[in-house]
Structures are given as structure tokens and as C-alpha cells.
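Chemist: Just need the structure, nothing else, for what follows:
(one chain, ligands or ions: 2)
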Amino acid sequence: MHPNSNQNFQYRNPQQYMQRGPTPYQQQQQQQHFQNQLTQQQWLRRNQLPSTDSPVEEVEKTVQSEAVDQSSQDWKAGLKTPLPDTRYKTEDVTATKGNEFEDYFLKRELLMGIYEKGFERPSPIQEESIPIALTGSDILARAKNGTGKTAAFCIPALEKIDQDKNAIQVVILVPTRELALQTSQVCKELGKHLKIEVMVTTGGTSLKDDIMRLYQPVHLLVGTPGRILDLAKKGVCILKDCSMLVMDEADKLLSPEFQPSIEQLIHFLPANRQILMFSATFPVTVKDFRDRHLRKPYVINLMDELTLKGITQFYAFVEERQKVHCLNTLFSKLQINQSIIFCNSVNRVELLAKKITELGFSCFYIHAKMLQDHRNRVFHDFRNGACRNLVCTDLFTRGIDIQAVNVVINFDFPKNSETYLHRVGRSGRFGHLGLAVSLVTYEDRFNLYRIEQELGTEIKQIPPHIDQAIYCQ
Ligand SMILES: Nc1ncnc2c1ncn2[C@@H]1O[C@H](COP(=O)(O)OP(=O)(O)OP(=O)(O)O)[C@@H](O)[C@H]1O
Ligand SMILES: [Mg+2]
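Modeler: Ligands and ions are numbered 1, 2, ... in the order given. Predicted structure coming up:
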């Protein structure tokens, strides 16, 4: 790991950086050309079973089943499904048991939302957790980043909600405001054809507005723990009928920062509540909470290896003062569709964003010290492809799902393996390919070694040339 060992990895003038292909925004526009008749044969399959009944019965059944066929075809044919995603996907999401969403006997309106979101069949974690969650059992589920944990809990949550009952029936807790917004959006999209009221509530927004909103019906509440606890304590957020509590990024929610709020919040729930815990990382610290609050939880662990198959990980050994230069080189050499660049402090995020802009590259930045309105705007605009690069703190390390991100750069190397894993998992979403490059200084060398050991992964030194095929398909 010598600083000069990447000799062929030369720095280039920023002007040489080219805008390659359509921007994420343009791609998204293209994807919005919906096609109405996706895989009609798939729908037909189930209705074509042979019958051994008498001819008269057979005729009646045929007439009946044609009517059923017709009605089932009607709703499916009328769906506005996006174009199928034909990009290469890894086994992390393709190694399924072959279930279909219809196998779970979900409400038709929910199935419509699922298919219109472009989900053709459940991912491995969805196959494991949806049927179990529907039985009412507590779940502790571990699955890799980007493999569909959100829908794995949102689908059973939406299925179980009684839309005629005016009460909060599900609470989904997440550690950051941006993730709360993203998750509530997923609930709204999946539940588009249901009459379920979804509310999102986080710190940094008007408490008064939330109180007013709670006077209207809310079935599903998504938010950060502090704000929900606040509303529950004030008696405006009534959780006595909330029979399902979801903790996404559960290990983060059990860190000292959040755990006291979670413990208090649980006391507002009825005794018969179901708790679902999801994350890609479950350090041993979660055990105590699990033993105290979960009842015979069904444990799912889809992480026999820890890193995503589609992400290639490299490090570049640099001195601190070479980092910006090195980033400049990466920008000029890599085929970045969109990138997320992580720094270890708010200050460094701002300084780096300034430097990147001075170098002539487009870049946004986001961190927790910014006003929430501003944060929301950056998140929204970056997601819509308004900018190619985003510099951030660990605020964006967990759960953030932006399909167009194919490159993650650790400008500062993280201190622990959970953070490393989640950061790297911002690219390569849903089994797609991605690239993670970490800038590593002499001081980071032990952390690099430890993280490699803990994750059982080899992070290789960056080669002079990186084949686009490994992160651009
Ligand atoms: N069954 C499915 N078919 C197609 N795409 C899916 C399916 N399920 C989820 N996705 C897509 O996969 C992406 C990643 O999903 P999600 O954000 O739920 O992953 P995650 O497991 O929660 O990851 P993380 O650990 O990083 O939070 C999303 O863009 C989502 O729309
Ligand atoms: Mg997630």
C-alpha cells in the first residue's frame, strides 16, 4: 500500500470529464413511458389448470372460469406497469424460491400497487418475510442492502390494515428524516389503490402541523422515534390500536441515540403488538432488546456472506493532502451515472463540496446541520437526477435508495464495518452492479484491515484501469 503504487492511475484535468449518456433524469423520463400489457401470459398461467369433471359441470365451470379469467384479466390488463428492468441482476435478488405475489392472497388493490411499482415477483427477503409477517409473528430479519426489505414489511403492513377502522394500526420507525420520507413514499405507491392514509412525521418540521394532521384519519404512521414519542406523550398520537411496529435499520434504532425513545414508545403500544425488525447488520447489542420485547421471533438471516455480489470494492492509498486530487482523477476516469461521496464530518462535507465545485464538477451536499427544507430539496433534486454527485455525512448511509447511483466513494474511510457495509450498499441497488472506492490514509490502515476481516471481504487496491462492465450494466 504505497502512495505511489497506483502509478498508472494518473490525475486528469477536470475538463476531460465527459457527460456520458443520458443523465439519470432523462433515463427516468424514458422509464415513465408505461406499457400496459406486461407479461400477460404470466397472468394466464394460473387459470389454465386441467379439469376432470363431467362434461356438463365442465361447461359450467368453463363459463364461470372464463368469467373469472376475464375479470382477472381486466384488472391486470389495465395496470400501468413500468417498462421491465432488463439490467443484469445478481443472485442476491434472483435466487428466489419462485413465489409470486399472488401466492400470498393479498388484496387485489395491493397487488395492483405492487405490479404498478414494477415489482414482478418477490425478492428472497420478501419471500421469507411476507408470509410470516401475515401470520402475526414477530420477525428479526437480516438481508443485504438493496434487496427489498422495505416492501418486505410494507406489503404485510398494508395488507393487515383495516381501512374502515379509523386508527393508527402500523408504525414504521426509521433513523433519519430522509428515510422516513422515502419509506412513506413507498407505502403510498404500493398502497396507491387502497384507501389507506399514510402520514410521515419527523423532527425538523412543524409539530403543530403534525398535530392538526392527526385529527384526520391516519392508518399508517412512518417517522423518526423522537417525534413520534413526542406526539404520543402529548396524547395526540394514539397508539392503542397499533398492532404492528416495524423497526427498519433496527440496529441503528437501538444505538444509544435512539434506544431510550424506542423503549418508551413501546409502552404506548397494546400488549398484543407484533414487532418486525429489519436490517443488513445486527450486532450482538440487539440481543438484549430482542430478548425483552420480541415473542418467539421468527429469525431470518439471508446473509451467509456479508457484501453484495454486484459491488466491486477498491481502495486507493493516499495522503490526506492528495485526496481531492485523487477524487478528481476518479471523476475523470470513471463512468459515473450518479455518485455518493461520504465524509466523516459536517465540516468536511461542506469543504469538499466547495472543492468539487471549484474543480468544475456538479455537486450537491447534505448533512444533518442543514435546515430541513433545504435537506428535502437536495434529496428530491438529487433523486431526480438534477446533479451527478452528492457529498454527505453518514446521514445518507442507511436505507437511502437511489437506483441511478452506481459509484460510492469513501472520501473519508469509515470507522466500523457496519457503516462501511451500508455506505457501499448505496450503489448496486436491487442486485445491480456498482463500484465502491475508498480513499485510505496511513492512519486508516488498521481500520481497513479490521473491516476486511469483519466482513470477510477482500478490498483490493484500485487498478490503473477499471472495466466499465463491472459497474455500468
Ligand atoms: N420485488 C421487487 N422487484 C423489483 N424491484 C424491487 C423489488 N423489491 C424491491 N425492489 C426495489 O429494490 C430497491 C431496493 O429496495 P429497498 O430500499 O427496500 O432495499 P433494502 O433491502 O431496504 O436496502 P437497505 O438495506 O439499503 O435499506 C428499491 O428501488 C425497490 O423499489
Ligand atoms: Mg432499507
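Chemist: gap between residue 426 and residue 107?
Modeler: Per C-beta to C-beta, to the nearest Å, residue 426 is found 33 Å from residue 107. Where you see a C-beta, it was placed from the backbone N, CA and C, and this is true even at glycine.
Chemist: Looking at stretch 382-393 now, give me its mean pLDDT.
Modeler: Averaged across stretch 382-393, the pLDDT comes to 97.
Chemist: can you give me the end-to-end distance of it?
Modeler: 15 Å (C-alpha to C-alpha, to the nearest Å).
Chemist: Can you show me the CA trace of the helix or strand encompassing residue 354 as PDB?
Modeler: Element membership for residue 354 (DSSP states H and E) is helix 346-358. The C-alpha coordinates for helix 346-358 follow below in PDB (Å, rounded to 0.1, in the frame of the first residue of the first chain):
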ATOM      1  CA  VAL A 346     -20.200  18.100   8.500                       C
ATOM      2  CA  ASN A 347     -17.400  20.400   8.100                       C
ATOM      3  CA  ARG A 348     -15.500  18.200   5.700                       C
ATOM      4  CA  VAL A 349     -18.700  17.700   3.700                       C
ATOM      5  CA  GLU A 350     -19.000  21.400   3.100                       C
ATOM      6  CA  LEU A 351     -15.300  21.900   2.400                       C
ATOM      7  CA  LEU A 352     -15.200  19.100  -0.100                       C
ATOM      8  CA  ALA A 353     -18.400  20.100  -1.900                       C
ATOM      9  CA  LYS A 354     -16.800  23.500  -2.400                       C
ATOM     10  CA  LYS A 355     -13.600  22.000  -3.700                       C
ATOM     11  CA  ILE A 356     -15.500  19.700  -6.100                       C
ATOM     12  CA  THR A 357     -17.500  22.700  -7.400                       C
ATOM     13  CA  GLU A 358     -14.200  24.600  -7.900                       C
END
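Chemist: which strands and helices sit next to it?
Modeler: helix 323-333, strand 363-366, strand 389-392 (3 or more C-beta pairs under 8 Å, 6 or more residues apart in numbering; DSSP states H and E).
Chemist: Which one of these lies nearest to ligand 2?
Modeler: Proximity to ligand 2, assessed across the helices and strands packed on helix 346-358 by C-beta to the ion, is greatest for strand 389-392 (16.7 Å).
Chemist: what's next to that closest one, contact-wise?
Modeler: 331, 336, 338-343, 349, 352-353, 356, 361-367, 378, 382, 396, 411 (C-beta atoms under 8 Å, 6 or more residues apart in numbering).
Chemist: change it to 7 Å
Modeler: 339-343, 349, 352-353, 356, 361-367, 382 (C-beta atoms under 7 Å, 6 or more residues apart in numbering).
Chemist: Pull out the buried members of those residues.
Modeler: Buried subset of the contacts of strand 389-392 (neighbour count, 16 or more other C-beta atoms under 10 Å): 339-343, 349, 352-353, 356, 361, 363-367, 382.
Chemist: Could you report the neighbour count for residue 195?
Modeler: Neighbour count of residue 195, defined by other C-beta atoms under 10 Å: 11.
Chemist: follow-up on the earlier one: compare residue 426 and residue 107 and say which is more crowded by neighbours.
Modeler: Taking other C-beta under 10 Å, residue 426 and residue 107 do not tie; residue 426 has more neighbours (28 against 15).
Chemist: What strand or helix carries that one?
Modeler: Short version, using DSSP H and E: residue 426 is in no helix or strand.
Chemist: How much space separates residue 195 from residue 291?
Modeler: Relative to residue 291, and taking C-beta to C-beta, residue 195 is found at 38 Å.
Chemist: meant to ask about residue 115
Modeler: Residue 115 sits 39 Å away from residue 291, going by C-beta to C-beta.
Chemist: Looks like residue 417 contacts residue 457 (just checking).
Modeler: No: using C-beta atoms under 7 Å as the test, residue 417 is too far from residue 457 to be in contact (9.3 Å).
Chemist: which ones are touching residue 239?
Modeler: With C-beta under 7 Å, 6+ apart, residue 239 has these contacts: 168, 171, 232, 268-269.
Chemist: Around ligand 1, which positions in the protein sit nearby?
Modeler: 119, 122-123, 126, 143, 145-151, 280, 399, 401, 403, 425, 429-430 (C-beta under 6 Å from any ligand atom).
Chemist: which ones among those residues come in contact with ligand 2?
Modeler: Contacts with ligand 2 are made by 149, 399 out of the residues of the chain next to ligand 1, judged by C-beta under 5 Å from the ion.
Chemist: mind listing the strands for the stretch 201-350 of the chain?
Modeler: For the stretch 201-350 of the chain, strands defined by DSSP state E, counting those that start in this stretch occupy the ranges 220-223, 244-248, 274-279, 298-301, 311-317, 338-342.
Chemist: Between those, which one is closest to ligand 2.
Modeler: Of the strands of the stretch 201-350 of the chain, nearest to ligand 2 by C-beta to the ion is strand 244-248, at 5.7 Å.
Chemist: Could you measure from residue 420 over to ligand 1?
Modeler: 13 Å (C-beta to the nearest ligand atom, to the nearest Å).
Chemist: tell me the phi and psi of that residue?
Modeler: phi -60, psi -50 (degrees, to the nearest 10).
Chemist: Tell me, how many residues neighbour it?
Modeler: For residue 420, the count of nearby residues is 29 (other C-beta under 10 Å).
Chemist: What residue in the stretch 351-473 of the chain comes nearest to ligand 2?
Modeler: For the stretch 351-473 of the chain, C-beta to the ion, closest residue to ligand 2: residue 399, 4.0 Å.
Chemist: Now that residue. Nearest residue, chain neighbours left out?
Modeler: Of all residues not flanking residue 399 in the chain, residue 179 sits nearest, at 4.3 Å (C-beta to C-beta, 6 or more residues apart in numbering).
Chemist: My understanding was that residue 428 contacts residue 144; is that so?
Modeler: No: in this structure residue 428 lies outside contact range of residue 144 using C-beta under 7 Å: 9.5 Å.
Chemist: any common contacting residues for the two?
Modeler: Listed as contacting both residue 428 and residue 144 by C-beta under 7 Å, 6+ apart are residue 308.
Chemist: relative to helix 323-333, how tilted is the helix holding residue 354?
Modeler: 50 degrees (axes from the mean of the first three to the mean of the last three C-alpha atoms, to 10 degrees).
Chemist: Off-centre distance for helix 346-358?
Modeler: Here the centre of mass of C-alpha atoms in helix 346-358, compared against the chain's by C-alpha atoms, centre = their mean, to the nearest Å, lies 26 Å away.
Chemist: Kindly report the same for stretch 332-348.
Modeler: 19 Å.
Chemist: Also stretch 310-327?
Modeler: On C-alpha atoms, centre = their mean, the centre of stretch 310-327 falls 26 Å from that of its chain.
Chemist: can you list the residues of the stretch 1-150 of the chain near ligand 2?
Modeler: Residues of the stretch 1-150 of the chain that fall close to ligand 2, judged by C-beta under 5 Å from the ion: residue 149.
Chemist: If we use 8 Å, what do you get?
Modeler: 145-146, 149-150 (C-beta under 8 Å from the ion).
Chemist: No further queries at this time; thank you.
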